[in-house]
Every structure is written in structure tokens, then in C-alpha cells.
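Peer 1: Predicted model and sequence below, questions to follow.
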Amino acid sequence: MRGRITGISGPTVSVDMKGLKLYELVHVGNAMLTGEVVKLEEKRAIVQVYEDTRGLGPDEPVQGTGMPMTVKLGPGLLSGMFDGLQRPLYKLKDLSGPFIRPAQDVSALDPAGQWVFHPLRKKGDEVGRNEMIGYVEENHFQHFIACPHNSGGRLSWIADGNIRIDEPVGRLEDGSGIAVYHEWSVRVPRPYIRKFSPYEPLVTGQRAIDFLFTIAKGGTAIMPGGFGTGKTILEQSIAKFADVDIVVYAGCGERGNEMAEMIEEFEHLKDPWTGSSLMERTLLVINTSNMPVAAREASIYTAITMAEYYRDMGYHVLLLADSISRWAEALREISSSLEEMPGEEGYPTYLASRLSSFAERAGVVETYSGKIGSLSMVLSVSPPGGDFTEPVTQSCLRTTGTFLMLDTSLAHRRHFPAINWFQSYSLYRAELSGYYRENVSQKWEEVQMSCRDLLQKEEALREVVEIVGLEGIQDPDRLLLHAAEMIRTQFLNQNAYTDDAFSSLDKTLASIERILDFYKHAAERLKQGAAIDEILSGISF
Amino acid sequence: MRLSEHRYKTITSIAGPLLFVQGIFSARIGEVVKILTPDERQLEGEVLEIREDTILIEVFAETRGLDIERSSIVLTDTLRTASLSPDITGRIFNGSFVPIDGLPMFIPEKKMPISGFAINPTARARPEEFIETGISVIDGLNTLVKGQKLPVFSCSGLPSKEVVAAILKNSRTMNAGTDPSGNRTKRESDGFIIVFSALGLTFRDYSYYMHILKEMGSRFVAFINMADEPAMERLLAPRFALTVAEYLAFDKGMDVLVIITDMTNYCDALREVSTAREELPGRRGYPGFMYSDLASLYERAGRIRGLNGSVTMLPVVTMPEDDITHPIPDLTGYITEGQIVLSRELHQKGIFPPVDVLPSLSRLMQRGIGEGHTRSDHRKVSNHLYKYYAKGRDLRRLEAIIGREGMSEKDRIMLDFTDAFEREFVHQGMTRRTVPETLDAGLNLLKRFSL
Ligand SMILES: Nc1ncnc2c1ncn2[C@@H]1O[C@H](COP(=O)(O)OP(=O)(O)O)[C@@H](O)[C@H]1O
Ligand SMILES: [Mg+2]
């Protein structure tokens, strides 16, 4: 099916063509730029082009593909780095050098890739839709290969040993093949049998999170904060240390140098849970702020679809996106070029519903292969001017389970992670308290209460000190201030550039208990008449 | 290719910097357009939008004097490029890349589109070699590294011009090498050059900068757009500058520092186009696409694996109403790797450069300092100075409430340190300090106050 370009405005192209479907993938212009149909009118279609439209002119051809925008799902994705349209960035570099040129069509999966297939079923077995029939070893993971989602039946043949990515690994009696890889529309969530509510924490190694504002496996967390409040460092720390199987990191509309740094670091670091190279469990989707804006909108869908694919194999997958605000802004740019009626701050009125249906793709699920897998999300939010009342933060707040508010004033004092301990919250606290009690310590909640209590009291006292000075308050209060300061500087503060960057749950608990014990004993001694200065001089910072 | 040059006389409307022309079937987005005025002046523009046979042209010149009846346009069949040659060094151009130093245009070795191409993130090398600016608060506490973009946030009335001048005069990069007796050393590199892009310069500032450029020999390239020159040129000049910078860096292996002043004028030009297109304005009237647009400039800073040179960027942003949450500094801060913040209070105290250390930050500093880069004690000195100064600033607030008498001896020492830090470390006038001099100054201060 062919048509021609009749208008171009930024990344939006109108085409005089009938018969296209909404969200169909099209090739635009002589250069065959990738685009997606975003609006259909009586006589024309509006296409969102995912690449730079400079040089494009009217009358150039447009070609439909009959397919929606998809990603390729199969072995070889792990350790990969892709752009928003799932083009492998390393291969793009080999093809066109250090600068990205438009219209390079490269497959996400290595077409010459060879794998060793281990069958789990045998000839004559009955297999159902989405059922795993075998696996290949991808890095140190078993990468399961399943029956297509729309067919099942009796196996007439199944491979064993060396296979190629472009040849089937099995055949059903009706003659249809079972392929090593398949394509999946990024806009369609992958199905599962049922969803559970989260019951296990996602350990991040960050004391402030694990102890005070826990994130759940299968849960969602957002971290809004102005620039320089440590969103990226925190996202990357979690990517390094989280106790999950697979990490999908979407660098969405942020800095190139940051990504370069992350890539270099991850290539050298080890996964603290398995000891293998960190890159082996990681998959990156990168659309830096100077890459095409429209592809930014698609990039998080590309990322989440790949994340769901590994979830379906029964893995715990974590999707991190830095920053979801850039995605929302891309949505706004697209919406405005479509001349849609804008909502608050120019964002389309469907911003909140898009965000919540995206967040709904998180969860702990029973997959079609009968396994339990989870997809968790940690999204950073970049509110303009650090103002949390803006639409993206507010829309995210409505769907998220953990809210980590990053505080500019803490960041200015170089308190990192700059998680405000009064404003932040975790809705998973009650659900997961049982887990912490049984797996870490019976005292977990009790210690948590004491910690919160101290911080609360400190806040009240600070206001007094602001007026009368430190000399003007009672000794027990000075001690309390001191203990709270210890909590802030030695416990909540966690430098990402040192060995302290990761803290296990046991270490986290020991660390807070040490401070609380000190406080208890010191208060005791104070009561027995010891001088405050003596008590405080006995400890060092 | 078009065979003959056709003059279209079908302009249907003119709005600010925008022209609508009808009856054109073969324009391309971004195509350069020549506009011929009734008095035979020739202006330049670019195709911004195409709707059926109507095209929208953005004019990079003053549109006053254009009319609908007699003006005409010619499509050139080219995208905007920058001419490039090693002979460009030491030259001064206007915002449209026309020489203004009285010399003829050089003969280009090649031409590159000025919008540039995004660096493939996997091709980037991470920034880790410092650039010495000669300014203690920058080199010591907020080190600039090659490939970084580090803006200066200023307020109206603050001496950002003098800060830029100091950097123009004093910055240099070091190369690893050996001294005559065979020891490993760092020596000043001769592959360092500054590309200077001034937007909306007043005549007074122009004379000031010219004076400084004159002393720099051929270690610069300048693009100067004056305050009375077309505002739309301010959208072009930084792109010419960056295209030249990329060429010198990645084709010629040089370390290029791009200084752009003032980005606030750039953003105002951007807003003008957006308003003329009757786009829905975003925060404070600035367009919703300003983040992406600014990123298309700032993200051109970087290093590339396997190549020698680097593009480092130091844009100056004057914060309207001294407000750091204003969209211009805000979006800049979201894209750049830190910020150097100037303070009115320090300026009033006569401190130069009046950099407020607390909100200032160089995010890429950690990799560029210490053993093998600057000096092994750099990190320690810098952390200590920051910590005590921050503490002292907190104490100043307390002092304002309860008075110096009500404070402990220890706190009073800290207050004295804070004053001394500002007067002796931050303040340096127009003198240049090497990194060792900077670190020694810091160490001496700490020693003097037994910290
Ligand atoms: N956990 C941390 N430990 C030490 N420094 C940190 C930490 N988090 C942030 N920082 C400091 O703050 C700077 C900004 O952090 P970043 O994550 O880039 O902020 P954002 O993404 O919110 O703009 C970093 O360059 C670093 O200097
Ligand atoms: Mg960030």
C-alpha cells in the first residue's frame, strides 16, 4: 500500500492514503524513515516519524507495512543496548560510525546468532499456547522458548542441540513451526494467567529505601526531584544492586555522558548477588535528550515489552526509567503537533490514563508456563522548577506504591540519597512487614518505629534551636539531636561512590540498631548524672 | 536537483520572523531559502513546515521591509551547512557565518550540516580529564572536565562577562608527557582552542571581548551576534559554533571549549518563533519543545572512544529575576552536568569571581581529579572546604538570630573560616591560579583554622 506525503510539521507527517490502521508501522519518504500512524481522518493519515525529518519533502512515497510497531523477542537481547526503536546501538556504530544517522534498519537480534537448544518436551507431546518447550543458555540464564501465543497442539518435531535464530526449533502436527524469536506489538501488554499482590520486597541495597520506604517485587516506585537531587545516581545504584534477575534500564531523554559512564561501569562491575558480570543481566534502552523526541515516546514501551518477555520466563525483572517526565514531554510534543486540545500545562488530557495503564504492566504474575515472574518499576520524575504540583508528578502519584521524594535542600547539603523522610511513603509497608519479620528480624518494625520517632522529634526540636541556639536547650534534647544527626549522616546518608553504596538488609538493621543502642545507653548515663559533653566526646564522626 | 532557479512571488502572509508561501510543491524540511526584498536585499531562511502547497519559512534576518506583493523567494535545494577548514582559527564571524574581521572567507575543506548528528551513546568516552580554568572555585571545588557541559548561572548586573573573560584568557588543558629529566609530568597542551559564541552583545560588551580576543592570537574562533542584529541569528550562531567545534575536535583532534553567552537571548529568540507560529506557550511563555531544543545544543559536548579531541561547553545563562526555577536555567540544569552559580551577595562583598559554592556542582568532577589527574589530595581538600563552608553558612543564619556572643568558641572559629574562605579562596580578582596553587590555598586555609 502506498501513498504520498502532503504535509510535514516537525516529526508529524500527513499522508494522502486510505486503508492504514491506527498504530500501523509505515516507511516514510525516499529515506524510508520509520513512523507510526497516530491519527486517521477521512482522506488522510497522520504519521509520527521516529527520526529526524530534515530533508523530507512533499510527494515523497509512504508505504504501509500492515503491522503494528513491534519489538523482536528472542535470545541475544541481554547485555544489549538499543535505541527507542530497538535498534542495537553497537551495530549502528559499526555501520555508521560514532554519530547516529537516520534510517538504518538493523535487527535487534543477531541474524547469525547460534544457540544450543535444550528441549524440555519431546516429539508427540501436547503443548499449549505460550508453553515453554525448551531453552537456550543466554549468559547464565535459561532463556525459555515458548509456543506462540496463538497456537498449540502436538509436537511432530523438536530440535536438540545447535540451532540458528532464524530456523524453527519445533513443529506442530498442523505443520506450523515454533520459532526461536517472535515479534510483539509494544503497545500491547503481554498476557499472563493471573496477578498477585506483591509479597516480597525488592531489596535495593539503599538503607533509606529498604528500611523506611520499601519497594515491592512487582510494585512501582517513583522518585521525583529537581535537577541535581540524585535521581540518576539512585536509579543506577538500584540497577546495580537490586536483588532481581534481570534489569531493563531505559535512559529516557537524559544525558549521553551519563549513559557512557553507566555502560563503562557496568561492563566492569559484578552482580552482587550472583558474582557474574553486571552487564550480563542488564539490557539498556537509550534515547538521550538529543535523539529524536518521537522515539522517546516509544522507548519506554520498547523497554517494558522486553521486560515482560523475561518476566514471562519466570524471572524477577526490574524496569528502571530515567526519566518518565521526558516521556511525558514527548507525548506532549506529539499531541501538540496533532493539534489536540491540551489539558493542564499543555499535556494531553490522556496523560494520566496512559501513565496508569503503563504502571499497570508491573506486578507479580503467574505466567502461561506456570511460573511466577515479577515486573517491578522504578521511575524517576523531573518536575519543572522542582515543583511537585505539576501534572506528571501528580499523575504518577496516583498509581505508585512507593513515593521517594527527592529533596533539593538535602541535596544541597550533600545528603544523598536525598530522600525526604517526612514526605516519602511506601504503601507496601504493611504488606511486606511479615516478610521482614520472618526473614530479617522480629524487631524490624519496632526498630523502624524508634527511628521514625527520633527523626520526628528532631524536626520539632530544630525549630526551637533555630530560635534559642544549641546552648539554650536541655541536655536530653541535645543528645536526641545528636542521635538524630547520627541517623542522618551515618545511616540515611549513603555515598554511591564508596563501598557503602550497597548495604544488605542485615547490615542495614545492624547499622540502625547500633545508633539506637548508643542513644539508649547515652540517655541512661545522662540520667545517672554523666555530663553531656563527656558522652558526646566519646564518639567520633 | 532542480534545474532552474525559480522565483516564487506567492508569499501569502508575514508574521514576525515567519513567511507563508503558496504554490510550492518541491520544498524540503530544513531547506535553505533565499528571500529577495523589494529593494533587492537578500535574506536567508529555512523551511519549517509544509502543508500541501503552502510552506512556512523561518527567516534568520530582520523581516521589516518585506512585503507580500514584491518580495520573492528562491529554494536552494540545500540544507544549512557550515564551511570548515583549519584556516578558521583566529577568525571572527557574525551569526550567519560571514567574516567580520576584515579578512576574506577561507576556502572550505568540507561542509557539514549545522544541526549535527547525535553521538551514539555507545561511542562516547566518559569525560575524565580536567581543564584548568585558572579559577579556584571551579578548578578546586567544581572541576571542569573535557567533554562536559557546565553552565554559569548568573543574574543581571553580575560580572559574568568578566568571569567569561578570565576563562577565555586563562583556561588550558594538560597533556601527559615527560620533562627533560625523564619524569612523567603534565604539560600545557597546544591542541586547545576556544570557540566563542556571543548572542545579542551590546556594543560595550563587544569592545570588551574584542580586546580580549585580540590577545589570544589564533587560539579561538568567534561568532558574534550583536544586540541590534537579527534575533533569529541567535538560533544559528551556536549551531555554527558547535559544528566548527566538532570539526576541530573530532576531525583535527583538538580539545575545544565552547563558550556561549548568553543562552537567555537564545531562548528568547526561540520563544519569538514559537509565538509567531501561535503555538500554545509552555511555562512562562517558553515553548514546550525548549528542553529538546536546548538538548540539541548542549548534548553536542562530549568525547568519542578512539578519537583524540573533545568538545566541552560552558554556556552562560542569566537567570531572569534571579530565579533558578525559571525555565531557562531549570531546563539547562536538567541537561547539563552541573552548574556554576554566581551570587549577588558575594558580588556586593567585592568578591570576584562571586561564585556561590553551595548550589554549584560539577557532576563529572570525581573522575577528573586526584592522583594521575590533578593531585592526590584534591578530593580531600575539596570535600573539607565544602563541608566547613556549608557549616559556616548555616552558622551565619544562626548568628543573625542569636548574635555572635551567644555562640560557642568553636562556632565562632567556623564563622571566621567562612569569611576567610570567601575573601581568600573564592576571591582572586583577575589573577590566574594553577591547580596546585588552588589546592595549596585551600590547604593553608584549613591549616590556619586547624580544620
Ligand atoms: N548517593 C550519592 N552519593 C554521592 N553523591 C551523590 C549521590 N547521589 C547524587 N550525588 C551527587 O549529586 C549529583 C547529581 O546527581 P544526579 O543523580 O545526576 O541528579 P539528577 O539525576 O537528579 O539530576 C551527582 O553528580 C553527585 O555529585
Ligand atoms: Mg538525572
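Peer 2: Sure thing, it's come through. Keep in mind it's a predicted model, so treat the numbers as computed, not measured. Ligands and ions are numbered 1, 2, ... in the order given.

Peer 1: just for the stretch 251-400 of chain A, where's the confidence low?
Peer 2: Under the criterion pLDDT under 70, no range of the stretch 251-400 of chain A is flagged.

Peer 1: Tell me where it has helices.
Peer 2: A:256-268, A:293-311, A:324-337, A:351-359, A:391-399 (DSSP state H, counting those that start in this stretch).

Peer 1: Which residues does the residue nearest to the spatial centre of chain B form beta bridges with?
Peer 2: Computing the C-alpha centroid of chain B and ranking residues by CA atoms, centre = their mean puts residue B:315 first, at 2.2 Å. With DSSP bridges as the criterion, residue B:315 is bridged to residue B:260.

Peer 1: That one against residue B:300, yeah?
Peer 2: No: between residue B:315 and residue B:300 there is no contact under CB atoms under 8 Å: 11.4 Å. In this view, the C-beta of every residue, glycine as well, is placed from N, C-alpha and C.

Peer 1: need the contact list for whichever residue of the stretch 301-450 of chain A sits closest to ligand 2.
Peer 2: Per CB to the ion, the residue of the stretch 301-450 of chain A with the smallest distance to ligand 2 is residue A:322, at 5.9 Å. Listed by CB atoms under 8 Å, 6 or more residues apart in numbering or on different chains, the contact set of residue A:322 reads A:231, A:232, A:235, A:249, A:250, A:251, A:252, A:254, A:379, A:380.

Peer 1: from memory the first one sits against residue A:386, does it?
Peer 2: Yep, that's residue A:231 we're talking about. No: counting by CB under 8 Å, residue A:231 sits too far from residue A:386 to count as a contact (11.4 Å).

Peer 1: what sits in contact with each of these two?
Peer 2: The contact sets of residue A:231 and residue A:386 overlap at residue A:225 (CB under 8 Å, 6+ apart).

Peer 1: so which of the helices of the stretch 251-400 of chain A comes closest to ligand 1?
Peer 2: helix A:256-268 (6.9 Å; CB to the nearest ligand atom).

Peer 1: wait, residue A:226 sits on residue A:410?
Peer 2: No: using CB under 8 Å, residue A:226 is not in contact with residue A:410; the gap is 11.2 Å.

Peer 1: shared neighbours of those two, anything?
Peer 2: Joint contacts of residue A:226 and residue A:410 (CB under 8 Å, 6+ apart) do not exist.

Peer 1: Bridging across strands, which residues link to residue A:322?
Peer 2: residue A:251.

Peer 1: Neighbours of the residue nearest to residue A:256 when sequence neighbours are not counted, how many?
Peer 2: Once flanking residues are discounted, residue A:256 sits nearest to residue A:288: 4.5 Å by CB to CB, 6 or more residues apart in numbering or on different chains. Counted with other CB atoms under 10 Å in any protein chain shown, the neighbours of residue A:288 add up to 27.

Peer 1: Double-check that residue B:419 belongs to a strand.
Peer 2: No: judged by DSSP: H, G, I helix; E, B strand; the rest coil, residue B:419 forms no part of a strand; its state is helix.

Peer 1: how far away is residue A:254 from ligand 1?
Peer 2: Computed as CB to the nearest ligand atom, to the nearest Å, the residue A:254 to ligand 1 distance reads 7 Å.
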